Each structure stands twice: as C-alpha cells, then as structure tokens.
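Trainee: Based on what follows, work out the 3D shape:
(4 chains)
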Number of protein chains: 2
Amino acid sequence: MAVTMRQVAQHAGVSLKTVSNVVNQYEHVSASMRSRVLAAIDELGYQMNVTARNLSTGRTGMLALAVPELQLPYFAELADAVMDAADELGYTVLIEPTAGMRTGELDVLRSPRRSMSDGLIYSPTALRDADAAALAVDFPMVLLGERALTSDVDHIVMANEAGGRMLTEHLLAQGCRRIAIIGAHDAEVGAGSLRLRGVRAALTAAGLDPDDVVSSGSQRWSRETGRGAVAELLTRGAQFDGLLALNDAMALGAMRALWEAGVEVPGQVRVAGFDDIEESRYARPSLTTVNPGREEIARTAVRLLVDRIEGRATGVSEHQVPATLVVRESSR
Amino acid sequence: MAVTMRQVAQHAGVSLKTVSNVVNQYEHVSASMRSRVLAAIDELGYQMNVTARNLSTGRTGMLALAVPELQLPYFAELADAVMDAADELGYTVLIEPTAGMRTGELDVLRSPRRSMSDGLIYSPTALRDADAAALAVDFPMVLLGERALTSDVDHIVMANEAGGRMLTEHLLAQGCRRIAIIGAHDAEVGAGSLRLRGVRAALTAAGLDPDDVVSSGSQRWSRETGRGAVAELLTRGAQFDGLLALNDAMALGAMRALWEAGVEVPGQVRVAGFDDIEESRYARPSLTTVNPGREEIARTAVRLLVDRIEGRATGVSEHQVPATLVVRESSR
DNA sequence: GTGAAAGCGCTAACAG
DNA sequence: CTGTTAGCGCTTTCAC
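Mentor: Reported below is the predicted structural model:
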C-alpha cells in the first residue's frame, strides 16, 4: 500500500490538516511545521493520491477533448495545441476518440467516464439536427467550429464559410473555371457544409454554376478519401482546372492521385485544401490552404472552458477566430 | 448536485448495495429488483460518479501513454493504436506529452498525476544511463522500443537495429555507395542509437566506412529537422547517393529540401526513412521505409500492461516485434 | 496557526 | 439474493 497523508502526519507528529496545508501550498503555515512535514514526506516517499482529492473536491483537473481520431493530422495538431494550452492553466487533457461517428460523438456526452473530467471541448461532425437536445448538458462544455445546432453553449467559431470563399476566389483569380470539390457530404452539421457554403457563394458570385463538378465525399476526411475522389473524377472523365478539397489531408491524397495520373499541379489543375497542417508545407508541390487559427482556437477554447469550470464565466460567449489564406505552390 | 447512488436506492426502495450490483452488472440480481433499479436510475437521470468508484477500488481504468508530442505523426498514429487496443480491454488512455525532453520524461514517472492511471506505457528517448534508477517504479509499466536501460521491466522491443540494417542493405543493393544519415544524435538511449547501430553494421559489412557521411542530427525528429539537415549537407558540398533518415518525418522533410535544390529522388539520391507513417505512402515520391509493426507494438504493450495491472503477469516479459522493409518509389 | 471530525460517492466484506 | 457496516484518502468547515 502506498503512503498516505495520515502516515505522513504521524511521522511528522502533526495533524492531517497540516500536511494537507503544506501539500496544497497553503500560506499560513509556520516555517518549522512546513519543513518538518516536507522532511516526513521525503523520508516516506509520500505521493498524493489524486483520486482521493478528486472525490473530495469534486474536481479532477482534466479536460476532455473529443476528436474523431488522431490519425487525422489536423486533430493530432489540435490535440497538441489544446494540451499545451491546458497545461498552462494547470489542467490535463483526456482525449476521447469518437471515430467521427454519430454514436461515438453521443457517447462522449453520456458515458460514465464523462465524470472524470471537469469539462469538455467538443466539435461534433456527425450529429444531426435531431441531436441538438443532446447538447443541453449540465457540465461545462465548449463547442468548436460550429454554431448550427444550438446557441446555448460557449462557442469557438471557425471561419469555415469565409475560408471556403477565400479559397474559391483565389482559384478563380488564378484563372480556374471548373473547380471540383472533394469531401462534400450531406451531414447537417460540421465544417464541411459551412466550407462548402462559402465555396458555392464564391462560385455563384463569379457567375459559375455551384453544382457543376462536385465529387461525392466521405465522412472520413483522409488522404485515401482524397485519392479515391480524384480517381473517380478521372474515371468518369470529369473536366476540371481547379480542385478544392475541404481539408488538407484529402488535398494531399488528391495531389498524389493526380501525379499518378500524370496530371500536372498546378500546371493543369490548381489544388487547394483547408486546415494548414504541417505536412502541407512539405508536400510537393506545397499546398495552398486556409489557416483556421488552430492555436487561437485551442487557447481560447481552453480558457473559456476553464473560466466556466472555475465559475468565472459570464453568460454564453461566442468567440470568432479569423482564418487566413495561405497561397503555396499548388495553386500558383 | 448530481444524483447519487444512495438517492437511487431510496427512490427504488432498495439498498445501496443492490443499486451497485445492478450498475456493475453483478449476475445474481433478481429480474424484478434489476428493473426497479433501472427504472429509478432512468427517472432520476443517475450517472455513476467514476471518481468515487476509483477511490474505492483503487483503480482508475486509465493507462498513461507517454509520448514526445502528437505533432510527430508516428506518435499520433501510435497513440491511436494504443487507444484502440486499450478500448477493447475496457481501458481509457491518458496521453502524457514529454516534449521529448529528459525532464518531461522523468516528470511522467513522478508527477502526482501518475496516480490517476493504473499503469504506464513508456518509451523514453532522452533519458541517460544515469536515469536507470528512475525506472525502478512501483506501479505497472511497459517499456517500448528499448532495452538499454534496465531489464527489470516488461519490454516491447522494436527491431530498431534490424530495421536500420535492412534499410542500409537495401540502399547498398540499389547501388548506393555514399549514404548520408540524418537524425543521429548522441543520446545514450532511444531508437536513434539502435537504428544507427544497424546502419553502421551494414555499412561495415559492405566494406564501407560507417562514419563517412553522417549529418549531425537533432533531438526532435521532425520534418524541419530533415529539411535542415539536407540544407546543411548540400551547403557543405557533401557528396552522397543515398540518404537514410532515422525516421519518416525527417525523410519527408529531406525529400522536400532535395527537390528544392533540384536533386532528383531516386535518380540522383535514393531516400529512405523509418516508421512507415501513413504520410509516406502519399509522398512524392512515396517513401521507402521500415514498418516497425506499430499495431502489434500497441496491442502487445496494452495487453502486457493490463495483465500486470490485473495481476495476471508472470515474471518480467520481453516481446520482440519484427520489422519489415517497405520499398517504395524513393529508392527504386 | 493547527487540530478534530464529518463526509465526498462508491465498493466490499460479511451477515442474514 | 439483498442489506448493513466500514472504509478508500483527501478536503473542509469549525473550533481551539
């Protein structure tokens, strides 16, 4: 059995409370008491039982972060950023994989494990309008990148629509006239529909048919999805001089498929993605994309969540994070 | 305040223990009791307080996984694999970022948070021989990819040395005679030194000087490190027809730098990495690498750790995971 | 400034 | 098969 606080107290000849005070950096402890306690802790090799403290305080010091899977680079990078931000405020992050599926996303809200964290950073991608009620939870939560489903919750709003528009306008400015879109699916929420809306708006504004060439997408926004989509486009003989993938991973898979097919990028087809993952800077050619402000999203989400947990929140807040266009070789 | 088990018991008119039995799927509960309890749970919207159970059982159902950072694709993929494996055995994974630094790696072993997980999956990369004592911990732990520091702990041994040898032999077989190495550093433990040892063995066996062209490396095995290393090699006019990066991320950064410099891969320089991350299959050209058996590593590590946690372990075990050479475009 | 006692919500013997 | 009784190790009023 591990050493307990009580044993430390006995060893030091003080009360339990005093040990607790020392351990928790309580100010008003005499120097002699403190050093006596610290010595005892050292001699016994005492380590605080965090679980016991958690039960007592009703806090765990953990923030849950729900993501589809870490294999998708964007979410790995987001998780890293969230962990850093949480660490600065003294919190630990518990990553909850949802597999990008509706059931997984709902589970996060209801599983008993939920009670192991003080709050949740949540960006559903597969929920439906009908699930809005599930978002009425009784624990601290911050929603990322969405505002479709509900407005009663703290939000960090990504510039999905604006980003889609920027990318499209950029491709049009480069002379593209037939832009294929990869990754569109019929989810009612999620970044996809918003980004697509921005794309369509830009196409319409340019007098082009927004439904002209849209490759069917997939729920899983992976490199393989991008590769498969291009294969399909080429197989059915689609003509396009621009290719807009709704995230970078798909764009990178698409570029690989174009290369295999002997289609030159940007010569014959200009390509763009969304997310600005690190990989995109190193791709050949490097990928034009939108930087959604991942760091700011992570930092703000954590701050908002911690404010709410610690009772500093003042009403529901919505924070907009601006996106910036990053033009690289794939569309020049 | 949330609903407690006691309230459920009162509401259902049964004892605390009965509710506990139902919640924990205890077999010998009469159907009528069970349904009564379940009804009460439903009506009150009861949710188990996991922290309280943790304190009571002395278990948390969590496994800690220490990794440098999720931004490095190999570790993101490893984390995903570990999470899947843990989930199958009913455990949750708590990711502990070490920043790939000695202090971070030591912290994981000693921080109070340690007590929030039942065991640790640990792959130190920056510890020194002098830190071996720190590995004598009193909680369940499985070491990944190492055996240098101690042998008193369960190990999953990656084929680092064999992989390094395979890659080198492959490059030699392709006709390479001057192979530059990227990522070597003077750490006393870690995959690097083992991989490098395999490389040197193969070079020596082929009658080449193992110290001929070795680019200085970095502790952080990132794309940027790879790019920088190639820049340095080219700047100092190093001659090489093969380039072996000690992981894929560096190899991908290196390929980008070679391309920028107008060096053809594999025409002028054949390139290889190590890890077989997903990105490598989509690179241009696709990257020759070694698949270290990530899935098996993850699955075995979790199984071993859980066996030890649940008291099924029989002595210290060491599990070897074979690596396989994956030849792709970058070295053909 | 320090101590004593009560309890956080649950599990685990042990009776019955 | 179900109920009672003790804790798990810590925090936290409230006295002293």
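Trainee: Right, and chain B sits closest to which residue of chain A?
Mentor: Nearest residue of chain A to chain B (Cβ to the nearest Cβ) works out as residue A:76 at 3.7 Å. Every C-beta, even on glycine, is put in place using the N, C-alpha and C of the backbone.
Trainee: Quick one: mean pLDDT over the strand or helix carrying that residue.
Mentor: Using DSSP states H and E, the element containing residue A:76 is helix A:73-88. Averaged over helix A:73-88, pLDDT sits at 97.
Trainee: Next: stretch A:18-32.
Mentor: Summarised as a single mean, pLDDT over stretch A:18-32 is 82.
Trainee: for stretch A:168-184, same thing?
Mentor: 95.
Trainee: how about it against chain B, any contact?
Mentor: No - using Cβ under 8 Å from any Cβ of the partner chain, stretch A:168-184 stays clear of chain B, with a minimum separation of 14.4 Å.
Trainee: Just the buried positions in that stretch, please.
Mentor: A:168-172, A:174, A:176, A:179-184 (16 or more other Cβ atoms under 10 Å in any protein chain shown).
Trainee: Distance across that stretch, terminal residue to terminal residue?
Mentor: Distance across stretch A:168-184, first residue to last, is 15 Å (Cα to Cα, to the nearest Å).
Trainee: just how off-centre is it within its chain?
Mentor: Computed by Cα atoms, centre = their mean, to the nearest Å, the chain-centroid distance of stretch A:168-184 equals 26 Å.
Trainee: And for stretch A:9-16?
Mentor: How far stretch A:9-16 lies from its chain's middle: 46 Å, per Cα atoms, centre = their mean.
Trainee: Any chance of the backbone angles for the closest residue to DNA strand D within the stretch 151-300 of chain A?
Mentor: Per Cβ to the nearest atom of the strand, residue A:154 is where the stretch 151-300 of chain A lies closest to DNA strand D, at 24.7 Å. Here is the backbone geometry of residue A:154 (degrees, to the nearest 10): phi -60, psi 140.
Trainee: List the residues that contact it.
Mentor: With contacts defined as Cβ atoms under 8 Å, 6 or more residues apart in numbering or on different chains, residue A:154 is in contact with A:141-143, A:304-305, A:308, A:313, A:316-318.
Trainee: List only buried entries from these.
Mentor: Of these, these count as buried by 16+ other Cβ under 10 Å: A:141-143, A:304-305, A:308.
Trainee: Kindly reformat those residues as a markdown table containing pLDDT and distance to residue B:238.
Mentor: Compiled in a markdown table, those are given as follows (pLDDT from 0 to 100; distance: Cβ to Cβ, whole Å):
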| residue | pLDDT | distance to residue B:238 |
| --- | --- | --- |
| A:141 | 95 | 54 |
| A:142 | 95 | 50 |
| A:143 | 93 | 52 |
| A:304 | 96 | 51 |
| A:305 | 96 | 50 |
| A:308 | 94 | 55 |
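Trainee: Among the contacts of residue A:154, name the ones in helices.
Mentor: In this view, the contacts of residue A:154 that belong to helices under DSSP state H are A:304-305, A:308.
Trainee: sorry, back to before: note down every partner strand of the following helix or strand past the helix holding residue A:76 and its orientation.
Mentor: Where DSSP H and E defines the elements, the next helix or strand beyond helix A:73-88 is strand A:92-97. The pairing partners recorded for strand A:92-97 under DSSP bridges are strand A:62-67 (parallel).
Trainee: could you give the mean pLDDT of the partner strand?
Mentor: Summarised as a single mean, pLDDT over strand A:62-67 is 97.
Trainee: That strand vs helix A:73-88, what angle?
Mentor: 170 degrees (axes from the mean of the first three to the mean of the last three Cα atoms, to 10 degrees).
Trainee: starting at the chain centroid, how far to strand A:62-67?
Mentor: Relative to its chain's centre, strand A:62-67 lies at 10 Å (Cα atoms, centre = their mean).
Trainee: cool, and stretch A:129-138?
Mentor: Stretch A:129-138 sits 19 Å away from the centroid of its parent chain (Cα atoms, centre = their mean).
Trainee: can you list the domains in chain A?
Mentor: The record, using automatic domain parsing to delimit domains, assigns chain A the ranges A:5-48, A:60-158+A:293-321, A:160-291.
Trainee: For the stretch 1-150 of chain A, list the residues in contact with DNA strand D, please.
Mentor: Residues of the stretch 1-150 of chain A lying close to DNA strand D (Cβ under 7 Å from any atom of the strand) are A:1-2, A:4-6, A:16-17, A:20, A:23-24, A:48-49, A:52-53, A:55-57.
Trainee: wait, residue A:80 sits on residue B:97?
Mentor: Yes - contact criterion Cβ atoms under 8 Å: residue A:80 and residue B:97 qualify, at 7.4 Å.
Trainee: Give me the common contacts of these two.
Mentor: B:69-70.
Trainee: With adjacent residues omitted, what lies nearest to residue A:178?
Mentor: residue A:240 (4.6 Å; Cβ to Cβ, 6 or more residues apart in numbering or on different chains).
Trainee: How about the contacts made by the one you found?
Mentor: So residue A:240 contacts A:178-180, A:213, A:233, A:269 (Cβ under 8 Å, 6+ apart).
Trainee: Can you classify it by secondary structure?
Mentor: coil (DSSP: H, G, I helix; E, B strand; the rest coil).
Trainee: Would you mind giving me the confidence score for it?
Mentor: Here, the pLDDT recorded for residue A:240 equals 94.
Trainee: Mind telling me which residue of the stretch 151-300 of chain A is nearest DNA strand C?
Mentor: residue A:153 (24.1 Å).
Trainee: any idea how far that residue lies from residue A:313?
Mentor: According to Cβ to Cβ, to the nearest Å, residue A:153 and residue A:313 sit 11 Å apart.
Trainee: do the same with residue A:170
Mentor: Note on residue A:170: its distance to residue A:313, by Cβ to Cβ, is 38 Å.
Trainee: can you check residue A:25 too?
Mentor: Between residue A:25 and residue A:313 the computed distance is 25 Å (Cβ to Cβ).
Trainee: what are the phi and psi values for the closest residue to DNA strand C within the stretch 51-200 of chain A?
Mentor: Going by Cβ to the nearest atom of the strand, DNA strand C is nearest to residue A:56 of the stretch 51-200 of chain A, at 3.8 Å. With angles defined as degrees, to the nearest 10, residue A:56 sits at phi -70, psi -40.
Trainee: still on that earlier bit, out of the buried ones among the contacts of residue A:154, which two sit at the greatest distance?
Mentor: Using Cβ to Cβ, these span at most 12.1 Å, a distance reached by A:143 and A:308.
Trainee: quick one: pLDDT of residue A:146?
Mentor: On the pLDDT scale, residue A:146 gets 64.
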